[in-house]
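Novice: Give me a 3D structure for the following:
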Amino acid sequence: MKFHELFKRKRMEIGTVREFARESGLDLAYVSRLENGVILPPKDGEKLARLADALGIVEGSEEWREFMDLAAIAKNELPEDLRDDERVAKVLPAFYRAMRDKAMDEEELQRLLELIKESGEEE
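Specialist: Numbering: from 1, shown residues only. The predicted structure is shown next:
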């Protein structure tokens with residue numbers, strides 16, 4: 001799933017794009033462009049958090065993490081909570097090499113992720 005798809009799905013649970021824009025105080029055109037993937041999620045963490053709140057996404061929930069992760073991916077960034085994690089910095093180069101070297105099926109990818117997680121826990 002992509003950020004704009006999650007955004008649109010959550011907005012549709014609330015009502016029409018017009019209703020959502022009016023109730024959240026957001027510009028209708030902005031909401032429409034966001035949910036259609038025309039523009040990227042906001043870079044500002046507070047603005048992104050306000051969008052999540054307007055969509056009824058509870059801070060700290062699994063849905064919150066997914067929303068924030070998808071926003072980071074859409075902006076070609078690492079999620080904020082991982083940027084300064086030294087363990088992540090150590091394993092990302094190996095992860096990138098593995099992903100470039102061959103196409104992985106879901107099982108292989110999950111195993112690689114487990115190995116990366118284990119290597120970070122050893123230290």
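Novice: Which parts of this structure belong to which domain?
Specialist: 3-81, 85-121 (automatic domain parsing).
Novice: Tell me which residues touch the spatially most central residue of the chain, please.
Specialist: Central residue of the chain (C-alpha atoms, centre = their mean): residue 70, 1.7 Å from the mean position. When contacts are counted by C-beta atoms under 8 Å, 6 or more residues apart in numbering, residue 70 touches 1, 2, 3, 6. For the C-beta atoms, the positions are set from N, CA and C on the backbone; glycine is no exception.
Novice: Residue 89 versus the third one, what's the distance?
Specialist: Distance of residue 3 to residue 89, given as C-beta to C-beta, to the nearest Å: 24 Å.
Novice: In this protein, what residue spans correspond to helices?
Specialist: Per DSSP state H, the chain carries helices over the ranges 3-14, 17-24, 28-35, 45-54, 62-74, 80-83, 86-101, 106-121.
Novice: Save those helices as TSV, and put in mean pLDDT too.
Specialist: Formatted as TSV, the helices of the chain follow (pLDDT from 0 to 100):
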stretch	mean pLDDT
helix 3-14	96
helix 17-24	94
helix 28-35	96
helix 45-54	94
helix 62-74	93
helix 80-83	76
helix 86-101	75
helix 106-121	68
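Novice: Would you check how far apart the residue nearest to the centre of the chain and residue 52 are?
Specialist: Distance of residue 70 to residue 52, computed by C-beta to C-beta: 11 Å.
Novice: List the buried residues for stretch 60-76?
Specialist: 63, 67, 68, 69, 70, 71, 72, 74 (16 or more other C-beta atoms under 10 Å).
Novice: One more: stretch 1-11?
Specialist: Across stretch 1-11, burial judged by 16+ other C-beta under 10 Å covers 3, 4, 6, 7, 8, 10, 11.
Novice: Which residues does it contact?
Specialist: Identification of contacts with stretch 1-11 by C-beta under 8 Å, 6+ apart yields 17, 20, 31, 34-37, 41, 51, 55-57, 66-67, 70-71, 73-74.
Novice: at 10 Å instead, please
Specialist: For stretch 1-11, the surrounding residues in contact (C-beta atoms under 10 Å, 6 or more residues apart in numbering) are 17, 19-21, 24, 31-41, 48, 51-52, 54-57, 63, 66-75.
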